[in-house]
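# just coords:
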């Protein structure tokens, strides 16, 4: 059994880790660290665990957690866990960090978009971007994984195959994403009040959202040159899920079946990628509750553009599920262990 | 492995059976009968199954389904499956029926409240009301289970212990229930249009809902005399879940701790009953996605009443999960097999 | 034109006053006091006013507001505006207070339920409970109105006629209310986060909500003896509206038509009371956006109970609209001025 | 007083006309034609009108409606009202048609996108596209107005000024629109069931929605050459409103203030256009309930694109409110009569 601990266990991503790992057949949950709820049972904070899981939230004790854990998930806001991760890394632990801190190749890019100094730029080389569909081999060999952002996951999975096949013109990529409000985290704020979100939709951080840089980094690596994209996030009156509608000019004259082949070749045997047939498009309710990424597309001959729609559950494939997928890879067990269930359509 | 078939697999209760049974470690799904979607994969109707379950919906073939199944779930509207259930029962099959047809002791009561003749009143004696917390032993010995209604489950589980202990006055019971709209089924109708349900709540079938008779039957059995209750269902702008707020006059001077003891004695070791501590009350989000029934209560000295709040997921403990719980009992396996997971708080 | 000012103009009740008064044909809005948004235009806080209303929020200046206003609405949390109201009252102003502070006949009751001393018990005698359907004449002759609570309005309007006619037994009254979350106000808190309210319903303050005492005061006045009721509020995943389902034992053998007559006699010519015909019941969407109170009921011969359903918009008939109705009465203009529009069904 | 009749009064657009016109100070509602609810009061179908409007729905009588109405609104599905409109037009009536039938300059385009023959191509010349901000003068002089589609309104109002100023490259326009589900009308269908729409978002008719042709017609007229755009509609879990996020490459090096000037010059004194300041973006809740179109934008120097966000209420500025705006123009009264109220933020 893999002994797993979570630092930041009572945030929305953290508690989703708890939920998924508590049902994972190869994992024992060891420490659930939550500064806000020390000594309280998880089920007092999230009563859906009553009668199922009675673990107590604990204070952070780096030595103990380091010694007693095979894998440590850190799920804290960016730039707040560097000391913890540094310490654990030095002690030889394996870490999957759900913040943005170890997603970047370049500290400079991180610092520009996050407006803060990176505490350990030297560790960026050692860390791997935890998108298994692109970095499976690298994940196997690292001790520090920067778990991808939710929006980037929803954009990169549908775009990577087309970029790799030179099927689209990189300078024409537009990503219009719609996210459930759990993506904004658990802390109350005026903009997350029920009365503000319900019956509403809004675009936010237009032309300046940090995830833009993460998308551009990864697309640039595939393209082997700098790529600049337009990315607009929107806040939906739903709890979970990201639907991204992506536009790009086709680089050449391609039919639906050509693109379909590109996808099936690139993602052959990927357990968490679902490609929709012509005329069918992903919806949030196809993926909420699952680790799947659904991809559908239309080729528009009138405009010579492709329109791609992707759907993920932001808390699972966009955060905790993806982290567990990386953990499975890291420990050499079947990558789908504890992750292969349908979403809840209702 | 238990070979299970579902007749009516693409309704909302049916597809929830598919979802739960496809993850049940002791079950093989054999036939998924759906007249509306014959020869189509389940995943074409419910795309959340894409990449997970590729079973094809089939036409009803009673001989084949009888021969090839250890257990058959029938999930059709009341009074529509009597011929099917009769045939299967004669052939010696074990059946769990999710309609109202086999929940009643008296055909007369059924006929009065459902306004239709009962096709097989002779089978009512053989059938068992499938509420495991009350009829566990009887379930073990039957071949025909009438799976309880969703509202009655939400009312009976909190009321049964108090009735059995003579703690409340039966003639004062008022059950005010609030249900998600999946309870109304999958068929489109004006009243289920998104624009009609969203941002709304309404009471319906006030003083005449059929589930009243089911609640009264079971409370009457416990009380050993006729019991008449007020039951008012409401339609909520949510997909899942039933919250019932129940009022009754206390039969004697009882404190919170007295009632608490009544519950813990009655439900000692019940895996799917969660009792809240004083000051805490169940919410829909505590149970949505799980087979749990949460119960909380307050003793109001000012009015000498108890106010009880219960919460269940109408599609799980209120339908498909409860049916699987009965199946587990019927086959002598651990009652919680395939059912012990937390709900999804988010 | 009536010169009206609002103290606490940017809370949810305050801004609804602004919205309704800005369309009132006999009112000029003079001062909109909001400590949080001093010197900002209302339309910066609530952009729905852009292009419609450009008034600037101001600091509280009691002398100026006193001099320049014919009527002052105070819309602040209870026990926070006593100094302001005292000062304005001494200066001879007319005040409609939307807090709980001036709704009570007895300071003792207020202090017991609100857990705080009443600052000006001497003013309680002068103040009038601003429910026009019960206190129209008293409203005409006062300078200080305690605007009723939202839940009490939804309970008293359907109960008052039956109490006055001795049609129900007062000791059997149970009020099960479901409210939209705007009733909890604008301040962010964990329990009002979108992800906590959406797809959820919960009962809260069971057997101890303060509005119980307000309901009991008014029912007791009609009954001419103490009345004790059970009142349970629930939080709905909608923005607006209160639906109350009310149960009571009939005091005598009454048919639907008898009760119907009691209502029509009591509320003959009331412009904001809508009585539903037999078989029809109020829903939130019948009243959201309007000043109406819809009332429907069923007589249940099986239990000898009446079940009444009432619906109001908590921000209009439950707060700001009712306050304007009182203002109209106070100034001798048609009571429906600025208030007679249908709700928004969609 | 203008005598107004509505044919198709109980659909969602029709009933919004009823709601708005019943409050219009210069309008008398004469006939409300609804084949489905003949002889029933409007308030039986939409109980929000109880106590406010007691008009009875009538059968269609073309002669009578023609004689007794100054203006007739037709609000029926496309290609179903041609006979009615023809007859009324021949009789000399003034008509505002809310279907797509009279929005097109070319019957060919209509027939291609709607897949049906146009019944009266000869009337297309006489008809005017009822977007007042672009065709105010033409509206004054016609008797037949084709009221714009909801999506085209949300796209054309933000795009027209930039097209007219040659500020953007027409071949790069991408319109990603998100609509509330009232836009799909009142008829129940599986896709509009509450359980299908709630907690979901989906793109539909990707690269083939009919409104594309309407947008292209109008942009082409401004550009004086054919324009082809990408337009993707999405269905939101809200009742009302359209938010459109629009992308285009800037034709030249323009700053925020340059674009801002283009808008303010083009829309100087337009009562229903609200331009957001830099850093602020429209949201659905800014416009729901009002006839406003909010426009905000960001200039992205990194990509040389402009991202524009527009918001309208699909039932008001996107349908019934816009039709009334045209009616006001047609009758020479103040264009804002009966239309100048803020939306309902809550």
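Received, thanks. Keep in mind that what you see is a predicted model, and the values were worked out from it rather than measured.

# CA only for contacts and neighbour counts going forward, please
Fine.

# can you pull the contacts of the residue of the stretch 151-300 of chain A found nearest chain B?
For the stretch 151-300 of chain A and chain B, the shortest gap (C-alpha to the nearest C-alpha) falls at residue A:286, measuring 4.2 Å. Residue A:286 makes contacts with A:294, A:311, A:343, A:344, A:345, B:46, B:47, B:48, B:49, as judged by C-alpha atoms under 8 Å, 6 or more residues apart in numbering or on different chains.

# now residue A:294
With contacts defined as C-alpha under 8 Å, 6+ apart, residue A:294 is in contact with A:273, A:274, A:275, A:276, A:282, A:286, A:287, A:310, A:311, A:312.

# which one of those residues sits closest to residue C:258?
residue A:286 (52.9 Å; C-alpha to C-alpha).

# the helix ranked longest in chain A packs against which elements?
Determined from DSSP state H, the single longest helix within chain A is helix A:150-164. Under the contact definition 3 or more C-alpha pairs under 8 Å, 6 or more residues apart in numbering or on different chains; DSSP states H and E, helix A:150-164 sits against helix A:211-223, strand A:242-249, helix A:256-266, strand A:293-300, strand A:305-312.

# just checking, next helix/strand downstream of the longest one?
Taking DSSP states H and E as the definition, the helix or strand that follows helix A:211-223 towards the C-terminus is strand A:230-235.

# list the strands paired with that next one, with their directions.
strand A:174-179 (parallel), strand A:202-203 (antiparallel) (DSSP bridges).

# okay, these in TSV with mean neighbour count and mean pLDDT next?
Formatted as TSV, those follow (neighbours: other C-alpha atoms under 10 Å in any protein chain shown; pLDDT from 0 to 100):
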stretch	mean neighbour count	mean pLDDT
strand A:174-179	25	98
strand A:202-203	21	98
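
# before we move on, the earlier item: now intersect the contacts of residue A:294 with the strands, please.
Within the contacts of residue A:294, residues falling in strands by DSSP state E are A:273, A:274, A:275, A:310, A:311, A:312.

# what's around the fifth one, how many residues?
Residues within reach of residue A:311, counting by other C-alpha atoms under 10 Å in any protein chain shown, total 35.

# again, but for the fourth one
A count of nearby residues for residue A:310, using other C-alpha under 10 Å, gives 30.

# avg pLDDT for stretch A:290-299?
Average pLDDT, stretch A:290-299: 98.

# so how far is stretch A:284-293 off the chain centroid?
Taking C-alpha atoms, centre = their mean, to the nearest Å, the mean C-alpha location of stretch A:284-293 is offset from the chain mean by 13 Å.

# residues from the stretch 101-250 of chain A in reach of chain B?
Within the stretch 101-250 of chain A, the positions near chain B by C-alpha under 8 Å from any C-alpha of the partner chain are A:182, A:239, A:240.

# what domains does the record give for chain A?
Split into domains by automatic domain parsing, chain A comes to A:2-147+A:319-330, A:151-312.

# how about the closest residue to residue A:253 other than its chain neighbours, phi and psi?
Closest residue in space to residue A:253, ignoring its immediate chain neighbours: residue A:304 at 7.8 Å, by C-alpha to C-alpha, 6 or more residues apart in numbering or on different chains. Dihedral pair for residue A:304: phi 60, psi 30, per degrees, to the nearest 10.

# number of nearby residues for residue A:304?
What residue A:304 shows, counting by other C-alpha under 10 Å, is a neighbour count of 16.

# so where is chain A shaky, pLDDT-wise?
Residue ranges of chain A with pLDDT under 70: none are present.

# that one: helices as residue ranges?
Using DSSP H, helices in chain A cover A:12-22, A:42-45, A:62-68, A:82-90, A:107-114, A:132-140, A:150-164, A:194-197, A:211-223, A:256-266, A:284-287, A:321-330.

# dump the ones in strands among the contacts of residue A:294 into CSV; add distance to residue A:190 as well.
Putting the ones in strands among the contacts of residue A:294 into CSV (distance: C-alpha to C-alpha, whole Å) gives the following:
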residue, distance to residue A:190
A:273, 36
A:274, 37
A:275, 38
A:310, 29
A:311, 27
A:312, 26
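
# out of those, who's near chain B?
A:273, A:274.

# farthest pair within the ones in strands among the contacts of residue A:294?
The widest separation within these (C-alpha to C-alpha) is 12.6 Å, between A:275 and A:312.

# enumerate every residue touching residue A:344.
In this structure, residue A:344 makes contact with A:285, A:286, A:287, A:288, A:289, A:290, B:48, judged by C-alpha under 8 Å, 6+ apart.

# wait, residue A:164
Residues near residue A:164 by C-alpha under 8 Å, 6+ apart: A:222, A:223.

# the stretch 201-346 of chain A against chain D: which residues are in contact?
Going by C-alpha under 8 Å from any C-alpha, the residues of the stretch 201-346 of chain A near chain D are A:201-204, A:206-207, A:228-230, A:237-240, A:243, A:281-285, A:298-300, A:302-303, A:307, A:309, A:346.

# how about the closest residue to chain C within chain A, nearest residue that isn't a chain neighbour?
Chain C sits closest to residue A:194 of chain A, with a gap of 3.9 Å, by C-alpha to the nearest C-alpha. Of all residues not flanking residue A:194 in the chain, residue C:194 sits nearest, at 3.9 Å (C-alpha to C-alpha, 6+ apart).

# my guess is the one you found meets residue A:190, correct?
No - using C-alpha atoms under 8 Å as the test, residue C:194 is too far from residue A:190 to be in contact (10.3 Å).

# what about those two, which has more around it?
residue C:194 (26 against 15).

# what sits against the closest residue to chain B within the stretch 1-150 of chain A?
Scanning the stretch 1-150 of chain A for the residue nearest chain B gives residue A:48, at 4.1 Å (criterion: C-alpha to the nearest C-alpha). Residues in contact with residue A:48 (C-alpha under 8 Å, 6+ apart) are B:285, B:286, B:287, B:342, B:343, B:344, B:345.

# now those: which count as buried?
Neighbour-count burial (16 or more other C-alpha atoms under 10 Å in any protein chain shown) applied to the contacts of residue A:48 gives B:285, B:286, B:287, B:342, B:343, B:344, B:345.

# output those as JSON lines; include the columns distance to residue A:78.
Output for those, formatted as JSON lines (distance: C-alpha to C-alpha, whole Å):
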{"residue": "B:285", "distance to residue A:78": "29"}
{"residue": "B:286", "distance to residue A:78": "30"}
{"residue": "B:287", "distance to residue A:78": "32"}
{"residue": "B:342", "distance to residue A:78": "29"}
{"residue": "B:343", "distance to residue A:78": "29"}
{"residue": "B:344", "distance to residue A:78": "26"}
{"residue": "B:345", "distance to residue A:78": "24"}
